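A.B. asks: got a sequence here, can you model it:
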Amino acid sequence: PPPPLSDKASDDWILYKSWVEFELVDYLFMRNQTPTHSIDHLLNIWAASLIKGGSKATLFPDRCKVYKTIDSTPLGDIKWQSFSVKYTGKIPGQGTTPWMMDSHDVWFCDPHNVVWNMLTNLDYAMELDFQPYHEFATDVGEIIDTRYSDSMSILFGVRIIIDPKR
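C.D. replies: Residues are numbered from 1 along each chain as shown. Purely as a prediction, here's the structure:
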């Protein structure tokens with residue numbers, strides 16, 4: 001088993017100066033999915049209000065600093081991996097769009113390791129229901145469909161036992 005996660009101090013915001021910076025980034029990217037131009041606009045308004053209030057410090061000078069902070073934030077010990085993809089289908093003579101010609105990087109963390117970290121994270125200890133279930137959709141008592149929708153369905157465990165690499 002992995003080593004137990006260490007408790008962090010309540011004022012440990014890793015690369016963020018404060019809870020406010022952390023919550024701002026969470027709001028901009030996770031909750032609101034704010035467009036780039038709006039991030040700069042919001043930061044400029046916020047900086048102006050802080051300076052007017054007598055502060056010499058601002059939260060983030062611009063979106064580039066926000067992005068660098070996010071990209072530098074450690075998320076467990078899972079390494080980022082990447083691969084490149086490129087469209088390989090038939091390219092039309094006219095009306096070719098740029099994405100058909102460009103190569104695109106895809107970044108990800110190994111999903112098995114991400115789930116492992118989540119399951120060993122004490123913050124989730126009382127949040128997960130490990131009870132396997134088998135759900136049926138019926139029509140007047142006759143089974144018309146069986147649905148398996150998440151990792152705690154009965155067949156998920158059976159599939160893992162049969163083919164662990166899946």
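A.B. asks: tell me the secondary structure for residue 21?
C.D. replies: Assigned state for residue 21: helix (three-state reduction, DSSP: H, G, I helix; E, B strand; the rest coil).
A.B. asks: show me what contacts it?
C.D. replies: Contacts for residue 21 were tallied using CB atoms under 8 Å, 6 or more residues apart in numbering; they are 13, 59, 60, 69. For every residue, glycine as well, the C-beta is placed using N, CA and C.
A.B. asks: doesn't the third one belong to a helix?
C.D. replies: No - checked against three-state DSSP, residue 60 lies outside a helix; its state is coil.
A.B. asks: if we can go back for a sec, which of the contacts of residue 21 lies closest to residue 111?
C.D. replies: residue 69 (24.7 Å; CB to CB).
A.B. asks: ignoring the adjacent residues along the chain, who's closest to that closest one?
C.D. replies: Distances taken as CB to CB, 6 or more residues apart in numbering place residue 15 nearest to residue 69, at 5.3 Å, with adjacent residues excluded.
A.B. asks: that neighbour contacts residue 72, correct?
C.D. replies: Yes - between residue 15 and residue 72 there is a contact at 5.6 Å, judged by CB atoms under 8 Å.
A.B. asks: neighbour count: those two, which is higher?
C.D. replies: Higher neighbour count among residue 15 and residue 72: residue 15, with 14 against 9, using other CB atoms under 10 Å.
A.B. asks: residue 79 versus the more buried one, what's the distance?
C.D. replies: 18 Å (CB to CB, to the nearest Å).
A.B. asks: now the strands for the protein?
C.D. replies: In the chain, the segments counted as strands under DSSP state E are 80-86, 103-109, 135-139, 142-147.
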